[in-house]
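Engineer: Output the structure for:
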Amino acid sequence: VNESAVSGQQPRKYQDLFDKPLNLNPFFDYKEGITYAKKVNKPVLIDFTGHACVNCRKMEATVWPDSKVLPLIKNDYVLI
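Structural biologist: Have a look, this model is predicted:
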């Protein structure tokens, strides 16, 4: 399912308030993300992160960009 067709290219809540690592397009509102995930029939990946969390930034810098991980996050999950 084409994400832009389903989401209608509408801005996501709070998208201007938070960083989006690796040019991902996460949802920052749980209900909005769950609604979208149901529409596209994809599982959800909830990123519990903290702005000052060193380990979180390390994951985003070393694990998420991995060639086996990033395509999964981008294509197979809805990131909230």
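
Engineer: So what's the residue count around Ala61?
Structural biologist: When counting by other CB atoms under 10 Å, one arrives at 11 neighbours for Ala61. C-betas here are computed from N, CA, C, even on glycine.

Engineer: C-terminal to the helix or strand that contains it, what's the next element?
Structural biologist: For Ala61, the element it lies in under DSSP states H and E is helix 54-62. Per DSSP H and E, the first helix or strand lying C-terminal to helix 54-62 is helix 70-71.

Engineer: following that following helix, which helix or strand shows up next?
Structural biologist: Next helix or strand after helix 70-71 toward the C-terminus (DSSP H and E): strand 78-79.

Engineer: Tell me which strands that next one pairs with, and in which orientation.
Structural biologist: As defined by DSSP bridges, the strand partners of strand 78-79 come to strand 44-45 (parallel).

Engineer: residues making contact with the partner strand?
Structural biologist: Defining contact as CB atoms under 8 Å, 6 or more residues apart in numbering, one finds that strand 44-45 is touched by 33-34, 37, 73, 77-80.
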